[in-house]
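Next input, structure requested:
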Amino acid sequence: MIAAENINITKVESSKLKDINLENIPFGKYFTDHMLEVDFEDGEWKNAEIKPYQPLLLDPSTAALHYGQAIFEGIKAYKNNKGEAFIFRPLDNFKRFNISAERMQMPQVPEELFMEGMRQLIELDRNWIPNQSDHSLYIRPFMFSSDAMIGVRASDKYKFMIILSPTGPYYSVPMRIYVEEQYVRAVPGGVGYAKAAGNYGAAMYATAQAKSKGYDQVLWTDAFEHKYVQECGTMNVFFIIGNKAITPGLETGTILAGVTRDSVITVLKEMNLEVEERQLNIDEIIEAHKAGQLKEVFGTGTAATISLIKELRYKDYVMEFDVNSWKTAPAVKSHLNKIRYGQIPDVHDWMLKV
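Model (predicted):
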């Protein structure tokens with residue numbers, strides 16, 4: 001196994017940062033000076049290196065391009081008011097990464113390689129972490145099959161990589177959401193719980209259809225009845241109904257176990273709000289709205305953090321919300337941000353210092 005001290009580092013001669021303004025930077029457009037690249041060959045990880053960010057040279061028969069053996073994660077790093085860099089719950093993302101790897105018949109990435117490779121990479125590019133509120137350094141670990149051959153089978157070779165991208169808010173304004181009834185994101189027994197690249201590719205058509213109707217994203221429903229809500233676009237989703245927070249449960253294996261989702265559940269409970277993780281029927285949501293009990297709806301995710309939903313449409317029934325009057329979602333977002341930026345004690349040990 002590769003030890004952390006055996007990661008070879010080649011630095012850029014001159015940083016690109018001098019040409020980039022980190023204020024109000026869009027999500028996923030710019031990338032830092034360096035990247036981590038490691039090969040899996042002959043049953044072991046080798047050739048670990050941090051090197052200047054650059055294009056990859058791939059054979060046209062590279063297996064991932066044909067059969068979709070590819071997974072990824074999303075993590076964020078922040079700076080506190082002392083200029084110190086911290087990563088938010090990276091160990092949880094590491095564990096989920098290997099859960100995805102197992103489901104996609106890919107090798108496990110060793111914890112030391114994942115965590116220390118990420119830490120060394122961020123340490124090298126720490127000046128890329130923005131100082132502005134709602135800004136962060138987005139961390140993208142990913143792995144793909146790299147066999148140069150055609151044939152439907154698990155590869156023998158893989159590449160594990162990490163790239164970094166400074167970013168601002170993913171969704172800068174409250175969203176309009178269309179409840180999807182025809183297309184599905186995941187089915188029991190499928191790969192919905194894995195952060196597999198194909199999940200996102202398969203979602204693009206339905207999302208485009210919703211956008212053509214004037215909506216920002218879709219709220220996915222179950223594959224059998226199209227009644228039970230699942231994820232909202234690329235996020236987990238929460239409904240504040242009465243004095244409870246309800247979010248779809250994970251037991252069917254169709255929903256990603258979001259790290260932000262878990263963090264929000266923890267904070268909501270600390271706010272003395274009852275949290276239910278269970279199946280939630282769209283009819284129950286509509287009944288709550290008609291009764292004036294549907295108080296707030298919001299999405300959670302690493303990229304989005306917490307995104308307010310100002311409109312939810314199911315068939316011809318439209319639910320509109322005055323997001324400016326909301327209390328719960330803004331309070332949760334504020335609390336999480338204070339932890340991330342080192343403004344209040346991190347009692348859960350969520351922040352890992354770089």
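
Distance of the residue lying farthest from the centre of the chain relative to Ser61?
In the chain, Ala291 marks the outermost C-alpha relative to the chain mean, sitting 33.6 Å out by Cα atoms, centre = their mean. To Ser61, Ala291 is 58 Å away according to Cβ to Cβ, to the nearest Å. The way it works is simple: take the backbone N, C-alpha and C, and place the C-beta from them, glycine included.

ditto for Met204
Distance from Met204 to Ser61, by Cβ to Cβ: 25 Å.

So which of those two has more stuff around it?
The neighbour count for Met204 versus Ser61, taken as other Cβ atoms under 10 Å, is higher for Ser61 (12 against 9).

quick one: that one and Gly151 touch, right?
No - Ser61 lies out of contact with Gly151 (Cβ atoms under 8 Å); the separation is 9.4 Å.

Which parts of the chain are helices?
Ranges of helices within the chain are 63-67, 90-103, 111-124, 197-212, 259-270, 282-290, 328-340, based on DSSP state H.

any chance of the ones you listed in JSON lines, plus mean pLDDT and distance to Val191?
What follows is those, written out as JSON lines (pLDDT from 0 to 100; distance: least, Cβ to Cβ, whole Å):
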{"stretch": "helix 63-67", "mean pLDDT": "97", "distance to Val191": "13"}
{"stretch": "helix 90-103", "mean pLDDT": "98", "distance to Val191": "6"}
{"stretch": "helix 111-124", "mean pLDDT": "97", "distance to Val191": "21"}
{"stretch": "helix 197-212", "mean pLDDT": "96", "distance to Val191": "6"}
{"stretch": "helix 259-270", "mean pLDDT": "98", "distance to Val191": "18"}
{"stretch": "helix 282-290", "mean pLDDT": "98", "distance to Val191": "24"}
{"stretch": "helix 328-340", "mean pLDDT": "95", "distance to Val191": "28"}
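
In TSV, list those helices along with distance to Glu251.
As requested, the helices of the chain are arranged in TSV below (distance: least, Cβ to Cβ, whole Å):
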stretch	distance to Glu251
helix 63-67	29
helix 90-103	15
helix 111-124	27
helix 197-212	18
helix 259-270	14
helix 282-290	18
helix 328-340	24
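
between those, which gets nearest to Leu219?
Closest of those to Leu219 is helix 282-290, at 8.3 Å (criterion: Cβ to Cβ).

So for Lys18, which of the helices of the chain sits nearest?
Between Lys18 and the helices of the chain, the shortest separation by Cβ to Cβ is 16.1 Å, and it involves helix 111-124.

Which residues are in contact with the nearest residue to Arg278 once chain neighbours are set aside?
The spatially closest residue to Arg278, leaving aside those adjacent along the chain, is Gly249, at 4.9 Å (Cβ to Cβ, 6 or more residues apart in numbering). Going by Cβ atoms under 8 Å, 6 or more residues apart in numbering, Gly249 touches 255, 277-279.

and these, which two are the farthest apart?
Farthest-apart pair in the contacts of Gly249 is Ile255 and Arg278; separation 11.8 Å (Cβ to Cβ).

And for stretch 261-274, what's in contact with it?
Outside stretch 261-274, the residues that touch it by Cβ under 8 Å, 6+ apart are 89, 92, 236, 238, 240, 243-245, 247, 275, 277, 300-301, 306, 328, 331-332, 335-336, 348, 350.

how far is it from where the chain is centred?
Distance of stretch 261-274 from the chain centroid (Cα atoms, centre = their mean, to the nearest Å) equals 19 Å.

For Arg278, give me its contacts.
Counting by Cβ under 8 Å, 6+ apart, Arg278 makes contact with 246, 248-249.

re earlier: for PyMOL, what selects the buried ones among the contacts of Gly249?
Those of those that count as buried under 16 or more other Cβ atoms under 10 Å are selected in PyMOL with:
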select buried, resi 255
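
can I get the contacts of Gly249 in JSON lines with pLDDT?
JSON lines is the format used below for the contacts of Gly249 (pLDDT from 0 to 100):
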{"residue": "Ile255", "pLDDT": "96"}
{"residue": "Glu277", "pLDDT": "98"}
{"residue": "Arg278", "pLDDT": "97"}
{"residue": "Gln279", "pLDDT": "97"}
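
show me where pLDDT drops low in the protein?
1-4 (pLDDT under 70).

My read is that Tyr176 contacts Leu308, right?
That one is not Tyr; residue 176 is Arg. No - using Cβ under 8 Å, Arg176 makes no contact with Leu308, being 10.9 Å away.

which residues sit against stretch 116-127?
With contact meaning Cβ under 8 Å, 6+ apart, stretch 116-127 is reached by 4, 7, 9, 11, 15, 17, 32-36, 38, 48, 50, 75, 77, 85, 87, 90, 129, 137, 139, 141, 162, 164, 352, 354.

For that stretch, buried residues please.
Under 16+ other Cβ under 10 Å, the buried positions of stretch 116-127 are 116-122, 124-126.

Check stretch 26-40 too.
Buried residues in stretch 26-40, counted by 16+ other Cβ under 10 Å: 27, 30-40.

distance between the ends of that stretch?
End-to-end distance for stretch 26-40, by Cα to Cα, to the nearest Å: 33 Å.
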